[in-house]
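Novice: Let me see the structure of the following:
(one chain, ligands or ions: 1)
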Amino acid sequence: MKGIEVKNISRSFKDTRALHQINLTFEEGKIYGLLGRNGAGKSTLLNIISNRKYPDEGYVTVDGVPSVENDDALRKIFLINEKNLYPESMKVKDAFKISKDFYPSFDEAYALKLSEMFELNIKKKIKSLSTGYQSIFRNILALSVNVPYVFFDEPVLGLDAYHRDLFYKILIEKYSEEPFTAVISTHLIEEVANVIEEVIIIKKGEILKNESRDNLLANSYTVSGTISQVDSYLSSLPKYTEVLGADVIGGLKSAYILGKSDKHLPEGLEKSPMDLQKLFIHLTSI
Ligand SMILES: Nc1ncnc2c1ncn2[C@@H]1O[C@H](COP(=O)(O)OP(=O)(O)OP(=O)(O)O)[C@@H](O)[C@H]1O
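Specialist: As a prediction, this is how the structure comes out:
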């Protein structure tokens, strides 16, 4: 069976429960967004999947094989996060050179091409790069490594708007040419909303939502109008819908609703699609 399976993973740090009985599948050739508020457990999950941390319970399989201490399975995974994999006094170009030793499918020529596109000075030592360029360096490694499962933990941290845009463009281009599994953990939901196909929302160490972006958005909507009109509409909604929250500006109210309702919309009210960021904020607010 292809893909990564996370089986019943739990992990605590003293009295902090970081992850609780997590079950997930990352299928081959899909782009996932791993979304969660600060401290939700995203990095712990990614570190366990890539064998940098151990779970208290549960295990991970890569293409059907338990990955713990299994080098062949782990070589199919690449995780980029703020931790450097390379000696800091190493030059960027040398880091690219030695990457082939760890990952035989690493494409050095492509890494050099991306460095030009991002204007990354490959003669610099890794430690002398600015915060943004440290992220760019790690993203270039991740985009050039050519393994089936690539995990990006906050890939656009410190990147300016131009470079963020360029990163997403290159990611999509690379993915369309040769699909791989990309898992992007980020707080910049608006930017990533059009890139990801699958959404995993994690809250206080548990999975809150795990479905396609299109499904999630098709099953939610916003209703706006005067306060009294919106309140009366909300009170008439069927039980299977859920009002996630509302914003009031002046006399106007917008309510965020989960679940489809065929109920006719009274005149004066306006229905609009929910955006992923709003949905995330309201789902994870309490
Ligand atoms: N080494 C550690 N020692 C103690 N507590 C830890 C450790 N690593 C993580 N935690 C705790 O586990 C919980 C989950 O942390 P984690 O870093 O996985 O969250 P996150 O979703 O990646 O957060 P952020 O978005 O802020 O980076 C937090 O409460 C955190 O304080």
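Novice: per the record, what domains does the protein have?
Specialist: Annotated domains of the chain cover 4-215, 219-283 [automatic domain parsing].
Novice: How about the secondary structure of the residue in the stretch 51-200 of the chain positioned nearest to the ligand?
Specialist: The nearest approach of the stretch 51-200 of the chain to the ligand comes at H187, 6.5 Å away (CB to the nearest ligand atom). Where C-beta positions appear, they are placed from N, C-alpha and C, glycine not excepted. Reduced to three states with DSSP: H, G, I helix; E, B strand; the rest coil, the structure at H187 is coil.
Novice: Kindly confirm whether my reading is correct that it touches E154.
Specialist: Yes: shown here, H187 and E154 form a contact pair, counting by CB atoms under 8 Å, at 7.4 Å.
Novice: re earlier: just say which of the domains of the chain is most tucked in.
Specialist: When the domains of the chain are scored by mean count of other CB atoms under 10 Å, the highest mean neighbour count falls to domain 4-215 (a mean of 17).
Novice: Which other helices and strands does the helix or strand encompassing A142 contact?
Specialist: Secondary-structure assignment from DSSP states H and E places A142 in helix 131-144. Here helix 131-144 is seen to pack against strand 77-80, helix 92-102, helix 108-118, strand 149-153, helix 161-177 when contacts are counted using 3 or more CB pairs under 8 Å, 6 or more residues apart in numbering; DSSP states H and E.
Novice: Is there proximity between the fourth one and the ligand?
Specialist: No: contact between strand 149-153 and the ligand is absent, the nearest approach being 7.4 Å (criterion: CB under 6 Å from any ligand atom).
Novice: Give the partner strands of that strand in its sheet and their orientations.
Specialist: strand 77-80 (parallel), strand 181-185 (parallel) (DSSP bridges).
Novice: Among those strands, which comes closest to N23?
Specialist: When the strands paired with strand 149-153 are compared for distance to N23 using CB to CB, the nearest one is strand 181-185, at 15.6 Å.
Novice: residues making contact with the helix or strand just after that closest one?
Specialist: Using DSSP H and E, the next helix or strand after strand 181-185 towards the C-terminus is helix 189-192. Identification of contacts with helix 189-192 by CB atoms under 8 Å, 6 or more residues apart in numbering yields G33, L35, V156, R164, Y168, I184, T186, D275, L276, Q277, F280.
Novice: Let me know the next secondary structure element after helix 189-192.
Specialist: Moving toward the C-terminus from helix 189-192, the next element (DSSP H and E) is strand 198-203.
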